[in-house]
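Engineer: Predicted model and sequence follow; I will ask about them next.
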Amino acid sequence: MQIDFEKMDGLAPAIVQEDSTGEVLMVGFMNPESWKMTAESGYVTFYSRTRQKLWMKGETSGNRLRVISAMTDCDRDTLLFRVFVEGDGLVCHTGTKSCFTEPLAVQSTEVKQPEVKK
């Protein structure tokens, strides 16, 4: 199956989830070369937009992301990886397990239930 890297100028978002819990750990970007390296090595490799180079997550920290499964969405422009985290399990560069730790305020709205006709 082909991945559509052209929609975002040669990149595709890559969502990483812990396989055992489903927790979202991080989001990065891939280009065709980083996808090829991931598929061949079994470890998630991203394309760094700021450094403009490939990088395997955990190459310096030891917290590598071993791929358990890989999928794409229906448009084939986003990747989803379920992984096993090797090392101490801290994926984020800030020293946390997940990069998603910053709460945001969102106005909640009441959900109206549809009326049931009798």
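Structural biologist: Received the coordinates, thanks.

Engineer: Over to the residue nearest the centre of the chain. Which of the three states is it?
Structural biologist: Geometric centre of the chain, nearest residue: residue 15, 1.7 Å, by C-alpha atoms, centre = their mean. Following DSSP: H, G, I helix; E, B strand; the rest coil, residue 15 is assigned to strand.

Engineer: Which parts of stretch 9-24 count as buried, going by neighbours?
Structural biologist: When burial is assessed from 16 or more other C-beta atoms under 10 Å, stretch 9-24 yields the following buried residues: 11-12, 14-18. Glycine gets a C-beta too; all of them are placed from N, C-alpha and C.

Engineer: ok, back up a step: look up which residues are beta-bridged to the residue nearest to the centre of the chain.
Structural biologist: Under the criterion DSSP bridges, residue 15 forms beta bridges with residue 27, residue 80.

Engineer: Contacts only, for it.
Structural biologist: By C-beta atoms under 8 Å, 6 or more residues apart in numbering, residue 15 lies in contact with 24, 27, 78-81.

Engineer: can you list the weak-confidence ranges in this structure?
Structural biologist: 1 (pLDDT under 70).

Engineer: related to what we said a few turns ago, from residue 29, how far off is the residue nearest to the centre of the chain?
Structural biologist: 11 Å (C-beta to C-beta, to the nearest Å).

Engineer: what about stretch 61-80, start to end distance?
Structural biologist: 22 Å (C-alpha to C-alpha, to the nearest Å).

Engineer: Stretch 98-115 now?
Structural biologist: 41 Å.

Engineer: Not counting that stretch itself, show me its contacts.
Structural biologist: With C-beta under 8 Å, 6+ apart as the test, stretch 98-115 has contacts from 23-27, 91-92, 94.
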